[in-house]
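**Student:** for reference, the sequence and a predicted model appear below.
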Amino acid sequence: MSSSGLAVPDAAFVAIIIAAAGCFVLLGWAIHSNFHRQQPEGMLHAQAGLGVQSQDEYMREVRGRNYEAIRGVFRGRYERRGGASEVS
């Protein structure tokens, strides 16, 4: 019997913990690789031809819509005079 009161020797207990940690790492890698697969480079270009937008194009479009909305909200309220904005 070991000093910790277990029937398993300390070295075996440590080896079991290390093996279990390794199994959890492999399980995490398997889940990650299953849900986050990267598409081959050729597939990205093929999808672009089908009307699928890239993230950059989408964000550019969203920014443009937001700028137009802000411009519509503040239209005519502020004028530039001498480099400083003042409420008109």
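**Tutor:** It's in.
**Student:** mean confidence score for the top helix by length along the chain?
**Tutor:** Longest helix in the chain by number of residues (criterion: DSSP state H): helix 10-35. The predicted model gives helix 10-35 an average pLDDT of 93.
**Student:** list the buried residues in that helix.
**Tutor:** Using 16 or more other Cβ atoms under 10 Å as the test for burial, helix 10-35 gives no buried residues. All C-beta spots, glycine's among them, are computed from the backbone N, C-alpha and C.
**Student:** surely Gln38 forms part of a strand?
**Tutor:** No. Using DSSP: H, G, I helix; E, B strand; the rest coil, the assignment for Gln38 is coil, not a strand.
**Student:** distance check, it against Gly72.
**Tutor:** According to Cβ to Cβ, to the nearest Å, Gln38 and Gly72 sit 40 Å apart.
**Student:** Ala15 too?
**Tutor:** 67 Å.
**Student:** one more: Arg63?
**Tutor:** To Gly72, Arg63 is 15 Å away according to Cβ to Cβ.
**Student:** over to Phe35?
**Tutor:** Phe35 sits 40 Å away from Gly72, going by Cβ to Cβ.
**Student:** kindly report the same for Ile17.
**Tutor:** Going from Ile17 to Gly72 by Cβ to Cβ gives 62 Å.
**Student:** ditto for Val25
**Tutor:** In terms of Cβ to Cβ, Val25 sits 52 Å off from Gly72.
**Student:** next one: Asp10
**Tutor:** For Asp10 relative to Gly72 (Cβ to Cβ), the value is 71 Å.
**Student:** repeat that for Trp29.
**Tutor:** Applying Cβ to Cβ to Trp29 and Gly72 gives a distance of 49 Å.
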